[in-house]
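**Student:** Kindly return the folded structure for what I paste below:
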Amino acid sequence: MDNPRATRYRRLAAMGVVLAAVAALPGLAGAAGASEQNTGLVSPAASADRASATRVTLVTGDTVEVVKDAGGRQSVHLGAEGASKNTGFQTMSGPNGDLYVLPDDAMDAIASNAVDRELFNVTRLIRDGYADSRSDSLPVIVDYADKPSDATLRTRVDSLPAAARGALLESVDMAGMKVAKKHAGQFWRSVKPVSKPPRHGKTVTAPNASKVSRLW
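**Tutor:** Below you'll find the predicted structure:
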């Protein structure tokens, strides 16, 4: 029987290998990372104060405009051309000032830890070179908890739409992928967890037919 602590260490070590391999692929670099605690809502800046605006496509396929005013304050504008496939968003600020745009469609998955909140850190996406003007893809890591065989893992990863396989770590059932922004909504619908009734006051989700247990 595997030692749980040893298994955890192997997975952490493999995660480092996946991140390094993903970063080495064209158009990919660390979008996965440790989540931060929200500190509150971010108030939109007045249009007159705009100094710059950067368009960002999220892994859900939603497109938002991140605005930085003359004082360096960030805000998000929704409903621009090609934006807002979701009906609503929560816009939050992390303790280091990074801005998060959390679509309603992803809230349960984020709350259950099935989807990494850092995928919605628009400040980091821009900083790491994933604004729409600089990249037409997004880096993700898919994780499977049901321990598929090596062949099954490859088949599952290759069947996900709008994504190209990168590093494949069969020993820990994970793979790095590059998601095409133009069709990110298709990818999201294929991996989005299924919401379940809350358990002990906590949000619960389960993998859908794709069997992806976590999206980093």
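**Student:** quick one, strands of the chain?
**Tutor:** 50-57, 63-69, 74-77, 89-93, 99-103, 137-143, 163-169, 174-180, 194-199, 202-206, 214-215 (DSSP state E).
**Student:** What pairs with the third one, parallel or antiparallel?
**Tutor:** The sheet places strand 74-77 alongside strand 63-69 (antiparallel), with pairing taken from DSSP bridges.
**Student:** quick one: low-confidence parts of the protein?
**Tutor:** Applying pLDDT under 70 to the chain flags residues 1-51, 79-87.
**Student:** centroid residue for it?
**Tutor:** Leu119 (2.7 Å; Cα atoms, centre = their mean).
**Student:** separation between that one and Ser149?
**Tutor:** 28 Å (Cβ to Cβ, to the nearest Å). The C-beta positions use only the backbone N, C-alpha and C, and glycine is treated the same way.
**Student:** now Ala53
**Tutor:** In terms of Cβ to Cβ, Ala53 sits 47 Å off from Ser149.
**Student:** what's the answer for Phe89, then?
**Tutor:** 39 Å.
**Student:** higher neighbour count, those two?
**Tutor:** Using other Cβ atoms under 10 Å as the criterion, Phe89 and Ser149 rank with Phe89 on top: 22 against 10.
**Student:** Am I right that that one is in contact with Ala106?
**Tutor:** No - Phe89 lies out of contact with Ala106 (Cβ atoms under 8 Å); the separation is 9.5 Å.
**Student:** what's the overlap in contacts for those two?
**Tutor:** By Cβ atoms under 8 Å, 6 or more residues apart in numbering, Phe89 and Ala106 have no common neighbours.
**Student:** Once you drop chain neighbours, what's closest to Ile141?
**Tutor:** Nearest non-adjacent residue to Ile141, counting by Cβ to Cβ, 6 or more residues apart in numbering: Trp216, 3.9 Å away.
**Student:** Can you report how many residues lie near that neighbour?
**Tutor:** 21.
**Student:** For this protein, just list every one of the helices.
**Tutor:** 4-24, 107-111, 122-127, 150-159, 184-191 (DSSP state H).
**Student:** got the contact list for the shortest one?
**Tutor:** Applying Cβ under 8 Å, 6+ apart, the contact partners of helix 107-111 are 90, 102, 115-117, 120, 192-193, 195, 202-203, 205, 215.
**Student:** and Ala151, how many neighbours?
**Tutor:** When neighbours are counted by other Cβ under 10 Å, Ala151 registers 9.
**Student:** Kindly report the same for Val179.
**Tutor:** Other residues close to Val179 by other Cβ under 10 Å number 29.
**Student:** wait, Ser52 sits on Glu65?
**Tutor:** No - at 10.3 Å, Ser52 does not count as touching Glu65 under the criterion of Cβ under 8 Å.
**Student:** So between these two, which is more surrounded?
**Tutor:** For Ser52 and Glu65, the more surrounded residue by other Cβ under 10 Å is Glu65, and the numbers stand at 19 against 10.
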